[in-house]
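S.K.: just to be clear, the model below is a prediction. Sequence and coordinates:
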Amino acid sequence: MAAISGKVFQNINVSQCYQQSRHFSNQYRRDCFAPFNLLPFDGGKVAWTSISSMQLRTFSTPQINFIIRGPVHCNAAPSTISSLDNIDFQKLQNGSDIRGVAVAGVEGEPVNLTELVAEAIGAGFAAWLLEKKKADGSRRLKVSIGHDSRISAKKLQDAISQGIAGAGLDVIQYGLASTPAMFNSTITEDEALFCPADGSIMITASHLPFNRNGFKFFTNAGGLGKADIKEILGRAAEFYRNLNSTDGLKNSRGKGSASIEQVDYMSVYASDLVKAVRKAAGNKEKPLEGFHIVVDAGNGAGGFFAAKVLEPLGAITSGSQFLEPDGLFPNHIPNPEDKTAMRAITEAVLHNKADLGIIFDTDVDRSAAVDSNGREFNRNRLIALMSSIVLEEHPGTTIVTDSVTSDGLTLFIEKKLGGKHHRFKRGYKNVIDEAIRLNSIGEESHLAIETSGHGALKENHWLDDGAYLMVKILNKLASARASGLGGGSQVLTDLVEGLQEPAVAVELRLKINQNHPDLQGGPFRDYGEAVLKHVENLVASDPKLVKAPVNYEGDK
Ligand SMILES: O=P(O)(O)OC[C@H]1O[C@H](O)[C@H](O)[C@@H](O)[C@@H]1O
């Protein structure tokens, strides 16, 4: 395959790494983001999977200590591409991100996120970014790339890096990372880490099955929106078409002599979270001393939170589970909306007699908690808890949520907490953008949060960060402790006192078959609107049913 022309630098600090994965798995809780993990590692050699091959060093002993700084040569052969699959790039769009099938073997789910597609998407993003940042060539733009624990992560990381570096932009690979950390890299000022990055990509399909993967994109203005994604996919499709001809291939690739760096950014991100809790606790070194908090990362990317956030703050984390990254998700789906996942963390809290349980989704942009009695802080209860915390800090502020929140939650926010509940559309980007819009027209809002566990605070750059939500909860625990209150998570349970729970809450998610004859080849939107109208008529004809009077769902 074609080389990323020019120099490829490596800047790695590795301490106490283990060659064997069985060692790695034990080590993970302490060194889960040691840069060793950032290296594609294959039989003692660092392998540049499928794009190019490079031998960095052959390790002869399982346990090693080393520091490498310096150039690494990338020997790559030009690729021969005989034919390309016919990929409908626009079908890869999933609202404000990209998702597809990256691993073969599941019946009825053909792979549409190949390495070449990923490379094309990298090139599409690079072109979009160059235009957005009005790059004049005086400075090379930098793009940071991270991934969750999925088995297709590394090959997609290498492929998308190729697309970006081929367009002449520098690439910084973070390896295993969280989605919010990737955004953070666009606002961090730290030359040693090559930050701020001009753009950032998280390789993730969140809670979807193991064979899927995808991309979320950021600049310092936040996550990209639907229109941006559409444009990137359009550019990617064009790049992909060019790959079909040798001339096109030459033109498409190898425009620049970009560098690819690997850094351990997650440690920096985690230590920022630690600092935030310490600061809120009056600069106490170990404000969580004496608390027993268990974490369930569901084998996603959130395992760092136990060893790199909670333990430095003094918390005991024994009984934490599924912290090791495993892209087959053998224990449960990493998803705070999933009943089995919530049961797993609840059982861990009760079994370990812990004060609190914390659970993340695969890429850590969503979270939920469990109190010491095993009561869940997810869905309406998580929103109630966060509203309580935010309204104490910003009395009267508007809380923007998705559409499926309960009437009990509205009563709680408005009557008990004295805030305003703005129930908007579903979709994390929708609620965040709505909160930003409200602020821009003079309605103060400090929190945008969905029942899914996506929650963004104004104070945190409107970033939906599951770890930061938990930091706000930890601050509450720490400040209660500092003011002499004991009782584990009781302070949190008290904050949601009075929230009326719905007697029954059922969520139905329909799998849509775009090729179903009912759609008659027409757009799904028309069909969806007809279904909604049908439901509306049904509700109108039943005196026991009431439709929510204000509903933005379905609005463009
Ligand atoms: O897959 P993720 O990026 O974690 O997001 C998952 C969530 O995204 C959106 O916000 C939807 O409204 C939710 O219904 C969904 O569960």
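M.R.: Looks like it came in fine. Numbering: from 1, shown residues only.
S.K.: check contacts around Ser149.
M.R.: By C-beta atoms under 8 Å, 6 or more residues apart in numbering, the residues touching Ser149 are Leu176, Asn299, Gly300, Ala301, Pro325, Asp326, Gly327, Thr362. For the C-beta atoms, the positions are set from N, CA and C on the backbone; glycine is no exception.
S.K.: so which of those wins on neighbours?
M.R.: Ala301 (32 neighbours; other C-beta atoms under 10 Å).
S.K.: count the residues that sit near the nearest residue to that one once chain neighbours are set aside.
M.R.: In space, and not counting its chain neighbours, Ala301 is closest to Asp148: 4.4 Å by C-beta to C-beta, 6 or more residues apart in numbering. A count of nearby residues for Asp148, using other C-beta under 10 Å, gives 26.
S.K.: surely Asp148 touches Phe210?
M.R.: No - contact criterion C-beta atoms under 8 Å: Asp148 and Phe210 do not qualify, at 11.1 Å.
S.K.: find the residues that touch each one of the two.
M.R.: In contact with both Asp148 and Phe210: Gly327, using C-beta under 8 Å, 6+ apart.
S.K.: picking up where we left off before, how about the contacts of Ser149 in TSV, adding distance to the ligand?
M.R.: Shown next, in TSV, are these (distance: C-beta to the nearest ligand atom, whole Å):
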residue	distance to the ligand
Leu176	17
Asn299	15
Gly300	10
Ala301	12
Pro325	17
Asp326	18
Gly327	16
Thr362	8
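S.K.: kindly reformat those as JSON lines containing secondary structure, pLDDT and distance to Asn430.
M.R.: Listed next are the contacts of Ser149 as JSON lines, based on DSSP: H, G, I helix; E, B strand; the rest coil; pLDDT from 0 to 100; distance: C-beta to C-beta, whole Å:
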{"residue": "Leu176", "secondary structure": "strand", "pLDDT": "98", "distance to Asn430": "29"}
{"residue": "Asn299", "secondary structure": "coil", "pLDDT": "98", "distance to Asn430": "29"}
{"residue": "Gly300", "secondary structure": "coil", "pLDDT": "98", "distance to Asn430": "24"}
{"residue": "Ala301", "secondary structure": "coil", "pLDDT": "98", "distance to Asn430": "24"}
{"residue": "Pro325", "secondary structure": "coil", "pLDDT": "98", "distance to Asn430": "30"}
{"residue": "Asp326", "secondary structure": "coil", "pLDDT": "98", "distance to Asn430": "32"}
{"residue": "Gly327", "secondary structure": "coil", "pLDDT": "98", "distance to Asn430": "29"}
{"residue": "Thr362", "secondary structure": "coil", "pLDDT": "98", "distance to Asn430": "21"}
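S.K.: the residue nearest to Tyr428 when sequence neighbours are not counted bridge partners, please.
M.R.: Leaving aside its chain neighbours, Tyr428 sits nearest to His454 (3.7 Å; criterion: C-beta to C-beta, 6+ apart). Taking DSSP bridges as the rule, His454 bridges to Arg366.
S.K.: what about His454, distance to Ile383?
M.R.: Separation of His454 from Ile383 (C-beta to C-beta, to the nearest Å) stands at 11 Å.
S.K.: neighbour count for the two, which is higher?
M.R.: Using other C-beta under 10 Å, the more surrounded residue of His454 and Ile383 is Ile383, with 28 against 24.
S.K.: check which helix or strand covers the more buried one.
M.R.: Assigned by DSSP states H and E, Ile383 belongs to helix 379-393.
S.K.: what sits against the residue nearest to Ala301?
M.R.: 176-178, 202-204, 206, 300-301, 325, 327, 362-363.
S.K.: does the next helix-or-strand element following the helix holding Ile383 reach the ligand?
M.R.: Next helix or strand after helix 379-393 toward the C-terminus (DSSP H and E): strand 398-401. No - using C-beta under 6 Å from any ligand atom, we find that strand 398-401 stays clear of the ligand, coming within 10.8 Å at best.
S.K.: confidence score at the residue positioned nearest the centre of the chain?
M.R.: Nearest residue to the geometric centre of the chain (C-alpha atoms, centre = their mean): Thr179, 3.1 Å. According to the prediction, Thr179 has pLDDT 98.
S.K.: likewise Glu507?
M.R.: Looking at Glu507, its pLDDT stands at 85.
S.K.: check the burial of Ala270 by counting its neighbours.
M.R.: 21.
S.K.: cool, Pro549 as well?
M.R.: The local packing of Pro549 (other C-beta under 10 Å) involves 5 other residues.
S.K.: and it, how close does it get to Asp407?
M.R.: 11 Å.
S.K.: assumed Arg343 was part of a helix.
M.R.: Yes - judged by DSSP: H, G, I helix; E, B strand; the rest coil, Arg343 forms part of a helix.
S.K.: show the contacting residues for it.
M.R.: Counted by C-beta under 8 Å, 6+ apart, Arg343 has zero contacts.
S.K.: what parts of the chain come near the ligand?
M.R.: By C-beta under 6 Å from any ligand atom, the part of the chain that sits against the ligand consists of 206-207, 337, 361, 365-366, 402, 426-428, 450, 452, 454.
S.K.: count of neighbours near whichever residue of the chain sits closest to the ligand?
M.R.: Nearest to the ligand in the chain, going by C-beta to the nearest ligand atom, is Ser206, at a distance of 3.1 Å. Number of residues near Ser206 (other C-beta under 10 Å) recorded here: 26.
S.K.: for it, which three-state class applies?
M.R.: coil.
S.K.: thought it was touching Asp361?
M.R.: Yes - under the criterion of C-beta under 8 Å, Ser206 makes contact with Asp361 at 5.7 Å.
S.K.: before we move on, back to that, contacting residues around the residue of the chain closest to the ligand?
M.R.: Ser206 neighbours (C-beta under 8 Å, 6+ apart): Asp148, Gly214, Asn335, Asp361, Thr362, Asp363, Asp365, Arg366.
S.K.: which of those residues lies closest to Thr114?
M.R.: Nearest to Thr114 among the contacts of Ser206: Gly214, at 13.2 Å, using C-beta to C-beta.
S.K.: now for the closest one, how many residues are close by?
M.R.: When neighbours are counted by other C-beta under 10 Å, Gly214 comes out with 25.
S.K.: for the residue nearest to it when sequence neighbours are not counted, give me phi and psi.
M.R.: With sequence-adjacent residues excluded and distances taken as C-beta to C-beta, 6+ apart, Gly214 is closest to Arg99, at 3.6 Å. Note on Arg99: its backbone torsions stand at phi -140, psi 150 [degrees, to the nearest 10].
S.K.: for Pro40, give me the pLDDT.
M.R.: pLDDT at Pro40 comes out at 29.
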